[in-house]
Every structure is written in structure tokens, then in C-alpha cells.
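**Q** my questions are about this predicted structure, shown below with the sequence.
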Amino acid sequence: MIKLTARQEQILNLIREAIENTGFPPTRAEIAAELGFRSPNAAEEHLQALARKGAIEISPGTSRGIRLREMHADGSAGRLGARQMALPHPALMQLSLPLVGRVAAGSPILAQEHIEITYSVDPVLFSAKPDFLLKVRGMSMRDAGILDGDLLAVKKIDSAKNGQIVVARLGDDVTVKRYKKTGSLIELLPENPDFEPIRVDSGEDNFALEGLAVGLLRAWG
């Protein structure tokens, strides 16, 4: 039976809540800040201990590459969710995700003319099954760990909860921001103090939610 320390349970709950609320696991820096660690290295040590005990998986080469594993009543661990169960051949586990480029106003984001290339990726990298990838432009979400050039995995939605990171369309501009709605006012909040929030009315014709961020891919080196 796997036994976690109180601190490890605390970190595991923090990861679970972050994924439920935003679609992303927290960064090491966010864990350190939340729990009062002096540096992200302390968070990394606890994460490695959780991985050794089978409570999480750590995916190298991806930003926020933390994956929860299901803890059974007998203390054993398994992958979280039926869709992550092992398939007969690894190739069958690959998702084909289109990379969306520039988007024309008034046309569907997944229209063929917007698709630059299709990638085959492992679905276990994401908190939910994505529908497409979007290349991040700019540094407005820097403090959420989303950087210029990253590939954001996006699940198509038409509504969102406050605090979730979304892809929104404003005319022919597509932006990645944290979502907040108060009454009919929608605020698209950056995660970088150098950028200003975007405010729109939910009834505006040129505004639409295109998707929810469920993961991130980054080219290293």
C-alpha cells in the first residue's frame, strides 16, 4: 500500500485542484509559492517523491508536465480515467491534432484553410482530450508558464468557468487569456503585468470562446 506524507497529500490535492479549475497542473514555482517553499527546487523534490510512489507521472520536455494517477482503495495506483488505459499498440494511442494558424474573421477556427500542419501526440500529456493546437504568440501569459512559440492544446467549448485559461476570438484576432465573467462583462486577463486586460460584453457579435486550454507542448533546446 502506498503511503503519502501529509505534505505529499497537500501537494497532490493542489495539483488536482489546479487541473480541475484551470485545465493545467501547477508549475514548480506556483507550488512553492502556495506552500511557502523557498525555491521551486523544494517542490521538485516532493514531486519526484510522488512520482516514485506512483501518485503522479512527470513528463519530461513539456511545460507543466505533471500527470495524476488514480489511487485505488488498496493503495495501488493506475492511470486516471478510462481513456488513458493502455491500448494494444502504442501507435494507436497517438492523437492527430491540427495546428491552427492565422484565423480569418467569421470563419470556423478549424476551417481547412487555417490548418498549417497536423501533429501526432500522446494523449496522456493533456488533462482532457484536445481538438487542436494553437501556436502562442507573445508573452501576455508568461506568468502562467505559457510562452511565445509554445503549442497550446485546446478543447473546443462554448462556455467557461472563471479562472480557466481560454482561447477567445475578437474579430480576426485569437487570444489566450484567463477568463472572468461578471454579469454580462467578460474580462480576458493576461498573466503578465506589462499587458492590459481585455473587456468585452458577452453579447458582442465579434466575440466568441473558441476553446479551453488543456495542455502545453514546448520545443526544448
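**A** Yes, it's here.

**Q** and the gap between the residue nearest to Ala213 when sequence neighbours are not counted and Ser59?
**A** Closest residue in space to Ala213, ignoring its immediate chain neighbours: Ile165 at 4.1 Å, by Cβ to Cβ, 6 or more residues apart in numbering. To be clear about C-beta, it is placed using only N, CA and C from the backbone, and glycine gets the same treatment. From Ile165 across to Ser59, the span is 19 Å (Cβ to Cβ, to the nearest Å).

**Q** next one: Leu47
**A** If you measure Leu47 against Ser59 using Cβ to Cβ, the figure is 12 Å.

**Q** returning to what we had before: on the pLDDT front, check the residue nearest to Ala213 for me.
**A** Note for Ile165: predicted pLDDT of 93.

**Q** please apply the same query to Gln94.
**A** 77.

**Q** and it, how far from Val124?
**A** Gln94 is 11 Å from Val124, by Cβ to Cβ.

**Q** which one's more surrounded, the two?
**A** Neighbour count, other Cβ atoms under 10 Å: between Gln94 and Val124, Val124 has more, with 16 against 13.

**Q** and what about the more buried one, helix, strand or coil?
**A** Secondary structure assignment for Val124 (DSSP: H, G, I helix; E, B strand; the rest coil): helix.

**Q** ok, it touching Arg67?
**A** Yes. Contact criterion Cβ atoms under 8 Å: Val124 and Arg67 qualify, at 6.1 Å.

**Q** list the contacts of the residue nearest to Ala213.
**A** By Cβ atoms under 8 Å, 6 or more residues apart in numbering, Ile165 lies in contact with Thr22, Gly23, Phe24, Met141, Ala144, Ile146, Val176, Lys177, Arg178, Tyr179, Leu212, Ala213.

**Q** quick one: residues in contact with stretch 5-14.
**A** By Cβ under 8 Å, 6+ apart, the list of residues contacting stretch 5-14 from outside reads 4, 26, 31, 34-35, 43, 46-47, 49-50, 53, 55-56, 68.

**Q** please redo it, this time with the cut-off set to 7 Å
**A** By Cβ atoms under 7 Å, 6 or more residues apart in numbering, the surrounding residues in contact with stretch 5-14 are Leu4, Pro26, Ile31, Glu34, Leu35, His46, Ala49, Leu50, Ala55.

**Q** tell me the one of these nearest Val100?
**A** Distance to Val100 across the contacts of stretch 5-14 (Cβ to Cβ) is lowest for Pro26, with 26.4 Å.

**Q** residues near the closest residue to that closest one other than its chain neighbours, how many?
**A** Leaving aside its chain neighbours, Pro26 sits nearest to Ala18 (4.5 Å; criterion: Cβ to Cβ, 6+ apart). Residues contacting Ala18 under the criterion other Cβ under 10 Å number 21.
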